[in-house]
Structure formats: C-alpha cells, structure tokens
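S.K.: I need the structure of the sequence given here:
(2 chains)
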There are 2 protein chains.
Amino acid sequence: MAQIVRIAIDAMGGDFGPSVTIPGCALALDRQPEMRFLLVGDEKAIRAELDKFPRLAERSELRHSDVAIRMDDKPSQALRYGRRVSSMWMAIEAVKKGEADAAVSAGNTGALMAMAKICLRTMARVERPALAGLWPTLRGHSVVLDVGASIGANASHLVDLAIMGSAMARIVLNIECPTVGLLNVGKEEIKGVEEVKAAAAILRESNLPGFEYAGFVEGDGIGMGAADVVVTEGFTGNIVLKTAEGTAKQIAAYLKAAMSGSLLAKLGYLLARGAFEDLKSKMDTRSINGGVFLGLEGVVIKSHGGTDSVGFARAVEIGYEMAKSDLLNRIRDTVALAHQFESGSADPTNPQEAAQ
Amino acid sequence: MAQIVRIAIDAMGGDFGPSVTIPGCALALDRQPEMRFLLVGDEKAIRAELDKFPRLAERSELRHSDVAIRMDDKPSQALRYGRRVSSMWMAIEAVKKGEADAAVSAGNTGALMAMAKICLRTMARVERPALAGLWPTLRGHSVVLDVGASIGANASHLVDLAIMGSAMARIVLNIECPTVGLLNVGKEEIKGVEEVKAAAAILRESNLPGFEYAGFVEGDGIGMGAADVVVTEGFTGNIVLKTAEGTAKQIAAYLKAAMSGSLLAKLGYLLARGAFEDLKSKMDTRSINGGVFLGLEGVVIKSHGGTDSVGFARAVEIGYEMAKSDLLNRIRDTVALAHQFESGSADPTNPQEAAQ
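M.R.: Numbering: from 1, shown residues only, chains lettered A, B, ... in the order given. Sure thing, here's the model as predicted:
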C-alpha cells in the first residue's frame, strides 16, 4: 500500500486565493493519488471551487478561517492580526500538531517565514531557516539557497546553508555526496565579500562530511550546473533567482516575436512545433515553483504568489516529495554529523573547544 | 569633417591578448572610420596581428610595453609590478596625458579599476567609481550599475550611482529624464537591506534633478525594462549580470538541442532560419560587451576577459561613443546639479547646512 502524505494548504494565500490553490491541489492529486488535503481558509470561497473537483473534495478536509494574510504586510503586522487565526498560521499549525506532513502557502514570504519560525521553531543547531529553490541547469537541477528567507548572512550562516542544502540535494537530486559552491564575483580566492571568503575558508579546511566543497561559483556558473548546491545570502539569492526567471521570460518573448515575424518563420514554427513545446516546458518557471524552508521543525513550502494552478500544483508536489523523503530527519542527521565532525576534529589540546 | 576619436588599447589584456584585441580594433574601425588607435603592449606580438589589417595599421600608433597584467592577480600585486610600465597602465595614462580620448582593456577588472583610480583620479564629489553595463530589455536597453567595481555600498554611494547612471543613460538611451530604480527583493517600502531603504528615502525625498526615481525594481524587472537605470552595489550587480548572461547561454543550448532533435525540427529550423538569426543576435551577449567606468576623470572601458574580436570591437565602440558624447562633462554637470540642488533645498533656517 502506498504511503499517505497529508498536505495542509493555506487556501487563501497568493494573488488569487482559492481560484488558484484549489485547482492546483486537484492537479497535484491527479499525479500523486496518495495525497490527502487539509484546506484552510474561508469555507464558502473554498467550497465554491472545491465543488468543481469531486475527487479532491473526497480526499480533503476543510478548516474554516476568517483571516487571510495580506501580501504586502510586514511580518510583525501579519503576526498581530494573523497569529493562531489566519489560514496561513492554521496550515502551519496542522504540521506542528501532526495533522499534516507538510504545509504549502503562496502567501507573503516574510509572514510565512515568521509564522513558521514561531509555530514550528528552528531545528536544534540551526541558527536560522533558509528558503531553497530548485534551479534547472544544463546538467539537470541544482539547489540554490537562500533565495529570500533572511537578508544578509555571516560565515557561519553560510556554512549552515551548505549543510542544509546538501541534505536537500541528496533527496531531490539523488546524489550521495553533492558538490557545494559559494556564489561569488569571481573564482579566485581573493574575490568577494568577507563573509563569503570566511565561509570558504571554513568549508575548505573543515572538510565536513556529506558533501564536497567545490569553491566559488559565478553567476553564469549556476545554470551551467557548476555545483549541485549553490549557497548565497537571501538578498542576492532572491534577486538572482528572479533575474534568471525574468531573463527566461524575456527570451521567450523574443522567440515568440521572431517566430511570428514572417511567413517562413511561421511555417518553420509549425513544422518544429514539437521541438518548441519541449523548449517551452524547459523554460517554464512554473515547473520549478515551490521554495522549501530548511531548518524548521516541519516541512513548509512557499509557492510564488503570482503563479497559476499549474505552478501551485508543483509547489504542492514538492511538499509531498519532501515529506515522503523524510527531509527533516535527513537535515537533522546531516547537521548532527557536521557538528560531531567539527567537534571531533577540534584541537584536542584545547579542552574547551573539544568539549563543545 | 567628422570628429576624430582616439582610443588607447591595452592590447595584452584579456584571455587571448593581441589575437583578439587587434582584430577587434580592426572590426570597430570598419564601423567607425573616424577612430585612431594607440596600441600598447608587446610590439612583436601586436605587429604580428597588425600585419593582417593594413587599414588599422595605417591609423594606429604602437607603444611598447614588456609588462602584461595577469588576469588573477590582486590589484595590489598588479600595481607592484605593473604601475607605470604595464600595457594596462600605459593605456590609461595616455588618457590622462590627453593622447587618447578613451582607454579600453579586457584585463583584470580589479587591477584596471585600481590603476584607473590612481592614474586618472576620481571625479570631484564622487566618492568612488562604478562600473556600468548595458542590459537589453523588452523596451530597449537599461543601464545597470555597479556591476563589479566595488563590493558593498552605503546609501550615499547608491545615490551617487543613481546620479552617474542617469548621466550615462541620457547619452546611450537618448532620454532627457531617465527613470532610476533600486534593485531590491520586493517592491514594497519595507523590503530589503538598510542601505537600500535609506537610499530610497533620499531619492524619494530629495527629488534630485535630471532623473525620476521609480522605486524598487525586482530581479525580473530588469529585463522587462522597469527602469532606464537600475542601481545596486557591486557584489549583487556582478552576480546578477553574469546570471542573466548564463541563463541566455543556457536557453541557447536548449534551443539548439531542440532544433536538432528531429527531422521536422531541423526542417522547421531551416525555413525559419532568418528568424533564428534575429533571435541569436538579440541573445548575443557580445553585443553588450563593454562596461563603462563612471566617476573617473577619464573614459575607461572594461571588456569581458573571455570575449572574442566581435565582443572586443563592441567595447571599443562603447569607448568611442562615450568619448564622442562627452560622458565626463555630462557626469560632472549632473553631479554638480545634484549637489547644488541638495544644498539649495537644504533648510535655510539652518545656516550650517545651507552653507555647505
């Protein structure tokens, strides 16, 4: 018998609420029938959508909430009116209570991060959570983090990102010992900000288990697949991710214009339509929608706020995959191993350090 | 009679030296016949290439240098062995001495920046120079800066970037009052790092002349042309630029694979070849090669180190355009106007401030 995975959905999150989230869940269920849903939000609004998807309705429980978190509120504001009572909070809380294996929201990133931290707590030995994304590369996919959970990071945060990112890569890329690179402005050791250089020194010298440090990766190295895991702080990570998505959309617009420019181009397009469809699906940013919060005591997935049901379905499936592959324990193990290793390799002549 | 523009070339710079720089100059000369060249570097190596381009040879002067700056040296190292005697320094020095209107190098960015600062000096009232790039957008082009001259920036540096970028945009985009945006992780005022928020407050409240402040721009807004000038500090700027270039290359690889996948695709490609050529030229990063140093007392252009002669020619042409459009005086005027405006708009009841 297949393992049932229960997903809690913040049905009100995102730019479009239930009109995207509910069809998204239905799509995800079509592909992964062993899912069950807890749909949190305005019951009437959800029911109106759910009526169109009887199969999903059968496998879903509804939980009413009057409060939806607004997309532009500060985390502190969102917490003031949304703690305990909002659809976002209640979806996360279902994970904490063991009623769901993962929570998915397309809502306000800052609020989601703040609520998840307060409700689920940060994992032992992890200073702060991160948001990780999947990045399509010429070699397959890479895990890129932090794509916007925290702004700024010191060397020790960056090392945490390397450790957590490698745990996620082991699951999604199915690589036992992934390579980890630090995003930087050049490959040479002298380049970049101090925090990145300091993190590089730690990763190089500590030789942590579970991944292989691959040095600095430049912006154009991400898409080439220069490392399985690419680590950067959240400000640069968020901008870089959106820039790549924007560039893909821009080129898609060029392509469309070029292919409808002349009769010959149109004819060529018709003949090569299958190839164009392949290309389109490769360039479809919806297929990689769904950032994974790492370092929390529970699986929480952040979907793009502006995505459609296809994109939201993908975020739901990522939640399913993470829960099913036991992401939390994998991260716990990797973090524990790294810390064990760090203290094991500490100078034994220094009892204070060795005792840590 | 056309105006002669004299370009000093660091012929030894870049990954390939004279075998790229000399054919690059020849190409640029074909398109802009009113250029004259001062070619600096190993005379024998330059001569061997120059012999293939008699027209360029006729319009060029050679200046021998034994010393080429290595691509991976720290700026301090490069200065130690290359000050006064390297081809890079001598090309910049020709601008200082008034022998050339612009210098172009594909060499080590850090060394070029350091030498240009020492040899040419920073403009009055500009705290530090920046490197600006042209970014193709769905609306045309935008100026993006800083793409790697300095790592980190405080609010006042970011405001300087806005002022200098708008001066460059006025020339290259031919817009009298360009819009200026600050690169950030969201459009809302509460988002981002402190320096960016502080710069936003200054730009919003001071209402500086010569450009219009357009708020925050997210990563995917750059390629959409959300602002004529996009301002960010050099670490993020450099990574973002390379990421976009990498994404374009990645999609080009997908496209190539798709179009050679089946017989129909190949046939379609043949029919639509004209359209594909258009697309290819739109995606060709060589066409935007050439970063412009802003805020120096002289025009210095940085070419990608790994570019070919087509890309190098473009960097030479950018030097030509900047010198011809009197970039320096335009920046000087814009900076002066901004400072005049800042002191003019200061509170007159506060004599200390008003007297500044």
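
S.K.: Can you tell me how far the most centrally placed residue in chain A is from chain B?
M.R.: Taking Cα atoms, centre = their mean as the criterion, residue A:291 is the residue nearest the geometric centre of chain A, at 1.7 Å. Residue A:291 sits 13 Å away from chain B, taking Cβ to the nearest Cβ, to the nearest Å as the criterion. The C-beta positions use only the backbone N, C-alpha and C, and glycine is treated the same way.

S.K.: residues in contact with that residue?
M.R.: A:131-133, A:147-148, A:301-303 (Cβ atoms under 8 Å, 6 or more residues apart in numbering or on different chains).

S.K.: Flag the shaky bits of the stretch 51-200 of chain A, pLDDT-wise.
M.R.: Within the stretch 51-200 of chain A, the ranges that satisfy pLDDT under 70 run A:190.

S.K.: Near chain B, which residues of it? Just list them.
M.R.: A:72, A:74, A:136-138, A:148, A:151-152, A:183-185, A:188, A:190, A:192-193 (Cβ under 8 Å from any Cβ of the partner chain).

S.K.: What about those residues, which are in strands?
M.R.: A:136-137, A:183 (DSSP state E).

S.K.: Show me where the stretch 51-200 of chain A has its helices.
M.R.: In the stretch 51-200 of chain A, the segments counted as helices under DSSP state H, counting those that start in this stretch are A:54-58, A:75-82, A:87-96, A:109-120, A:155-172, A:194-206.

S.K.: In the lengthiest helix in chain A, which residues are buried?
M.R.: Looking across chain A with DSSP state H, the single longest helix is helix A:234-259. Using 16 or more other Cβ atoms under 10 Å in any protein chain shown as the test for burial, helix A:234-259 gives A:234-252, A:254-255, A:258-259.

S.K.: re earlier: mind giving me the ChimeraX select for the residues of the stretch 51-200 of chain A next to chain B, buried ones only?
M.R.: Here is the ChimeraX selection string for the buried members of these, based on 16+ other Cβ under 10 Å:
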select /A:74,136,137,148,151,183,184,185,188,192,193
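
S.K.: any idea how far residue A:209 is from residue A:54?
M.R.: Plainly put, residue A:209 is 49 Å away from residue A:54 if you go by Cβ to Cβ, to the nearest Å.

S.K.: For these two, indicate the residue with more neighbours.
M.R.: Taking other Cβ atoms under 10 Å in any protein chain shown, residue A:209 and residue A:54 do not tie; residue A:209 has more neighbours (13 against 10).

S.K.: tell me the domain boundaries of chain A?
M.R.: If you go by automatic domain parsing, the domain ranges for chain A are A:1-121+A:296-325, A:127-295+A:327-356.

S.K.: Could you dump these into JSON lines and include distance to residue B:28?
M.R.: Output for these, formatted as JSON lines (distance: least, Cβ to Cβ, whole Å):
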{"stretch": "domain A:1-121+A:296-325", "distance to residue B:28": "43"}
{"stretch": "domain A:127-295+A:327-356", "distance to residue B:28": "25"}
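
S.K.: Of all these, which one is nearest residue B:41?
M.R.: Between residue B:41 and those, the tightest spacing by Cβ to Cβ is seen for domain A:127-295+A:327-356, at 23.2 Å.

S.K.: Check the offset of the closest one from the chain's centre.
M.R.: 11 Å (Cα atoms, centre = their mean, to the nearest Å).

S.K.: Residue A:272 and residue B:270 touch, don't they?
M.R.: No - look at residue A:272 against residue B:270 with Cβ atoms under 8 Å: they stay out of range, at 9.6 Å.

S.K.: Against which helices or strands is the one helix or strand residue A:20 maps to packed?
M.R.: For residue A:20, the host element (DSSP states H and E) is helix A:18-31. Contacts defined by 3 or more Cβ pairs under 8 Å, 6 or more residues apart in numbering or on different chains; DSSP states H and E place helix A:18-31 against strand A:5-10, strand A:35-41, helix A:43-50, helix A:54-58, helix A:309-324.

S.K.: Adjacent strands (with direction) for the first one?
M.R.: The strands that strand A:5-10 pairs with in its sheet are strand A:35-41 (parallel), strand A:102-105 (parallel) (by DSSP bridges).

S.K.: And the contacts of it?
M.R.: A:21, A:25, A:32, A:34-41, A:87-88, A:90-92, A:94-95, A:99-107, A:316, A:319-320, A:323-324.

S.K.: same thing with the last one?
M.R.: Contacts with helix A:309-324, where a contact means Cβ under 8 Å, 6+ apart, come from A:3, A:5, A:7, A:9, A:14, A:20-21, A:23-28, A:31-32, A:35, A:101-104, A:106, A:134, A:168, A:171-172, A:285-290, A:292, A:299, A:301-304, A:307.

S.K.: what do you get for the second one?
M.R.: Residues lying outside strand A:35-41 but in contact with it, judged by Cβ under 8 Å, 6+ apart, are A:4-12, A:17-18, A:21-22, A:25, A:28-29, A:46, A:50, A:56, A:59-65, A:68, A:87, A:90-91, A:94, A:99-100, A:316, A:320.

S.K.: rerun that using 7 Å as the cut-off
M.R.: A:4-12, A:18, A:25, A:28-29, A:46, A:56, A:59-63, A:65, A:68, A:87, A:90-91, A:94, A:99-100, A:320 (Cβ atoms under 7 Å, 6 or more residues apart in numbering or on different chains).

S.K.: Tell me what angle it forms with helix A:18-31.
M.R.: Orientation note: strand A:35-41 sits at an angle of 170 degrees relative to helix A:18-31 (axes from the mean of the first three to the mean of the last three Cα atoms, to 10 degrees).

S.K.: roughly how far out does strand A:35-41 sit from the chain middle?
M.R.: 20 Å.

S.K.: the inter-axis angle of it versus helix A:43-50?
M.R.: 140 degrees.

S.K.: And strand A:35-41, what's buried?
M.R.: Buried residues in strand A:35-41 (16+ other Cβ under 10 Å): A:35, A:37-41.

S.K.: could I get that strand in CSV with only the CA atoms?
M.R.: In CSV, the C-alpha atoms belonging to strand A:35-41 read as follows (Å, rounded to 0.1, in the frame of the first residue of the first chain):
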residue,chain,number,x,y,z
MET,A,35,-2.2,12.7,-1.0
ARG,A,36,-4.8,13.9,1.4
PHE,A,37,-5.5,17.6,2.0
LEU,A,38,-6.4,19.9,4.8
LEU,A,39,-7.7,23.1,3.1
VAL,A,40,-7.6,26.1,5.4
GLY,A,41,-9.4,29.4,4.7
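
S.K.: Write the ChimeraX selection for whichever of the contacts of helix A:309-324 are buried.
M.R.: This is the ChimeraX syntax for the buried subset of these, where burial follows 16+ other Cβ under 10 Å:
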select /A:5,7,9,14,20,21,23,24,25,26,27,28,32,35,101,102,103,104,106,134,168,171,172,285,286,288,289,290,292,299,301,302,303,304,307
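
S.K.: list the contacts for residue A:243?
M.R.: Residue A:243 neighbours (Cβ under 7 Å, 6+ apart): B:219-220, B:222, B:240, B:243-244.

S.K.: same question, residue A:86
M.R.: Applying Cβ under 7 Å, 6+ apart, the residues near residue A:86 are A:65, A:67-69.

S.K.: ok, so of the residues you listed, who is nearest residue A:215?
M.R.: Using Cβ to Cβ, the contacts of residue A:86 come closest to residue A:215 at residue A:69, 40.3 Å.

S.K.: shouldn't the closest one be in contact with residue A:108?
M.R.: Yes - counting by Cβ atoms under 7 Å, residue A:108 is a contact partner of residue A:69 at 5.4 Å.

S.K.: shared neighbours of those two, which are they?
M.R.: residue A:78.

S.K.: Is chain B within reach of stretch A:272-285?
M.R.: Yes - legend: contact between stretch A:272-285 and chain B by Cβ under 7 Å from any Cβ of the partner chain is shown at A:272, A:274-275, A:278-279, A:282-283.
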